[in-house]
Each structure stands twice: as structure tokens, then as C-alpha cells.
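pasting the sequence and the predicted coordinates here, then a few questions.
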Amino acid sequence: MRLATIRTATGHRAVRVDDTTAVETGDADVRALLERPDWAAHAAAAAGPSHDVAGLDYAPLVPSPEKIVCVGLNYRDHVLEMGNELPEYPTLFAKYAPSLVGAHDEIVLPEASEKVDWEAELTVVIGTPVRHADREQARAAIAGYTVLNDVSVRDFQRRSSQFLQGKTFEHSTPLGPWLVTPDELPGGGPEAGWAISTTLDGETMQESTTAELVFGAVDLVVYLSAIVTLNPGDVIATGTPGGVGHARTPPRYLTDGAELVTSVAGVGELRNTCRREKR
């Protein structure tokens, strides 16, 4: 099952996305849907107003999650190519909800920087409250998977040892277009090795598989739930493979008018045009 949040003339709506139509579930967005204890059965049985999939205007999958947790240094190929050792614990940072945009929205390049980079990321969406989870409970708490590009403002990111200021500029981070439940994905989880990529103006910049994750989706839910309760709609961006622009020689960054395509095979694709901020 695929679930999305769309924009309509009367506001956001959660929808179940079928082959050619999207059916409203009666909920304001995917977070509100996932807060129902029976969300899966409710979404499967939804029979609200329908929309042509080809004409959907996707909002961020979860427009206002309680938490957006991001993981750094989590692809073996990327860690080793950078000459680093595999981490013992996840590197964690956060984003705020105003950073999110929809799957086809413009990415705003802040006027304060010329060093804006791309980072394709498989992303977990939580469907059940979970605290101190074992691996079985963690797996059961995952509602599904989606795609995020952790667009990063490198000069701000590197102003201090904390990443946050370079990671949460407004309208910088596409999330969506939909959530896919694990039962519809090969192997049911990213350990099966789903292809992940970024292209910039048609040129492949990142290309790997989720089998390279150091800490998988279940590992991360177990680890994070030992720190804080994870709640429905919470988003966990699992890290990015090699091929980011800042690590290239010479470095490459996003520019006004560039088209960024972020894909995870079987999960979904983001297609965004970059636009320089105007005030």
C-alpha cells in the first residue's frame, strides 16, 4: 500500500495511492492517518473522494512530523572511500518541519550560500508509538519507507562541530512522494539492497544500494527508541551514499534552475528544480 499527503483546493488530504487513482482516507495528512491505531485497515478500506494520480500535487509526505531525525556516516562505501573507520554508534542530527517541501516542489537555494549540496536518503516513517524497542518491536513500528534528499548547506554545516545550521534551511528538503508499506517492498526491508541514486541535470551523482547501510532501519529504531519515544509520523533519514558534490574535485553544488532527481528503487522518486532564494 502507498500513502501520500496531497494538496487540494480545500487543504491537505491523506490519500491511498492506487495504480491510477488516489483515494482520500478522511484524514488531514499522513501523520493524522498514522495516529489511528487501525491506520492500515482504515487506509485499505478508504472510499473517499478520488483523484487522478497523474494530477496529484504532493505535499511533504508528513508536513509536520514531531521529529525528523537524520543519520550521518551510515553507508559503508561512503565511510571507507573517505578514509574513515566504520562508526560504533550512529551519528545523529535533526531538521525542523519548515525545511520540508513536496516531491515535485522547488528547492530553495539560500541567498546566504553558494555551497548547497545533495544527499539521497532512504527514509523510515514510524507508524506505532515505540519506546525501548527490541528488534521485533522496532520492525513492527515501521509504517513504511519513503525518499528524502538531505539538501545540505556545506559552509554553514562546517561552521561548527554541530551539523544543524547547515541542514535545516527553509524549503530545502524534499520528502515523498509517498510511503510504501514494507510488505510491498523486495525483502521487506533495506537489507535486501534497494538501489539508491541522485542525478543532477541527467548526470548520475550518487549510485549505491541500501545493503551498504552500517545501521539499518531496525537498528536505528532500536537505538533511537532507547533515547526517546518514537511516535506515528516521525521521520528517520538513514544517511547518504558516496557521490556528494562537496567531496568532488573540483566540488560541485546546486545552482539556480538545476533539476535534482532522487530515487530509491521500489520506494519512489523525487524530482525537484532548484531556485535561488528571492526576498
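Thanks, I have the structure now. Numbering: from 1, shown residues only.

contacting residues for Phe194?
Careful, residue 194 is Trp and not Phe. Residues in contact with Trp194 (C-beta atoms under 8 Å, 6 or more residues apart in numbering) are 122, 185-186, 209-210, 264-267. Yep, even glycine has a C-beta here, placed from its N, CA and C like the rest.

could you do Asp219 as well?
Each residue near Asp219 by C-beta under 8 Å, 6+ apart is listed here: Pro90.

one more: Ser208?
Taking C-beta under 8 Å, 6+ apart, one finds 75, 77-78, 195-197, 241-243 in contact with Ser208.

kindly report the same for Gln162.
Gln162 touches Phe93, counting by C-beta under 8 Å, 6+ apart.

tell me the spacing between it and Gly266.
Gln162 is 34 Å from Gly266, where distance means C-beta to C-beta, to the nearest Å.

returning to that earlier point: which among the contacts of Trp194 gets closest to Asp234?
Leu122 (15.2 Å; C-beta to C-beta).

what's Val101 sitting at in phi/psi?
Dihedral pair for Val101: phi -130, psi 170, per degrees, to the nearest 10.

looking at the chain, which helix or strand does the model trust least?
helix 76-81 (a mean of 78; mean pLDDT, DSSP states H and E).

give me the residue ranges of the protein where confidence is low.
Counting by pLDDT under 70, the ranges of the chain that qualify are 81-82.

which residues does Pro177 contact?
Counting by C-beta under 8 Å, 6+ apart, Pro177 has contacts 4, 56, 58, 61, 102-104, 146-147, 268-270.

any idea which element the residue lying closest to Ala59 once chain neighbours are set aside lies in?
Excluding its sequence neighbours, the residue lying closest to Ala59 (C-beta to C-beta, 6 or more residues apart in numbering) is Thr5, at 4.5 Å. Under the criterion DSSP states H and E, the helix or strand holding Thr5 is strand 2-8.

between the contacts of Trp194, which is closest to Ile68?
Ranked by distance to Ile68 (C-beta to C-beta), the contacts of Trp194 are led by Leu122 at 14.4 Å.

that closest one bridge partners, please.
Beta-bridge partners recorded for Leu122 (DSSP bridges): Val147.

sorry, back to before: of the contacts of Ser208, buried ones?
75, 78, 196-197, 241-243 (16 or more other C-beta atoms under 10 Å).

could you dump these to CSV with secondary structure and distance to Ser225?
Shown next, in CSV, are these (DSSP: H, G, I helix; E, B strand; the rest coil; distance: C-beta to C-beta, whole Å):
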residue, secondary structure, distance to Ser225
Tyr75, strand, 23
His78, helix, 25
Ile196, strand, 24
Ser197, strand, 30
Pro241, coil, 25
Gly242, coil, 29
Gly243, coil, 31
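
closest to Leu260 out of the residues you listed?
In terms of C-beta to C-beta, no member of the buried ones among the contacts of Ser208 lies closer to Leu260 than Ser197, at 11.3 Å.

ok, how many other residues are close to the residue lying closest to Pro49 once chain neighbours are set aside?
Leaving aside its chain neighbours, Pro49 sits nearest to Glu24 (4.9 Å; criterion: C-beta to C-beta, 6+ apart). Residues lying near Glu24 (other C-beta atoms under 10 Å) number 17.

on that earlier part again, packing partners for the least confident helix or strand of the chain?
The criterion is 3 or more C-beta pairs under 8 Å, 6 or more residues apart in numbering; DSSP states H and E, and there are no helices or strands that helix 76-81 contacts.

just the CA trace of that helix, in PDB.
Extracted in PDB, the C-alpha atoms of helix 76-81 (Å, rounded to 0.1, in the frame of the first residue of the first chain):
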ATOM      1  CA  ARG A  76      30.000   1.600   4.300                       C
ATOM      2  CA  ASP A  77      31.100   2.600   0.700                       C
ATOM      3  CA  HIS A  78      31.000   6.300   1.600                       C
ATOM      4  CA  VAL A  79      32.700   6.000   5.000                       C
ATOM      5  CA  LEU A  80      35.600   3.800   3.600                       C
ATOM      6  CA  GLU A  81      36.100   6.000   0.500                       C
END
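
and the next helix or strand past it?
Following helix 76-81 toward the C-terminus (DSSP H and E): strand 91-94.

buried ones in that next one?
Buried residues in strand 91-94, counted by 16+ other C-beta under 10 Å: Phe93.
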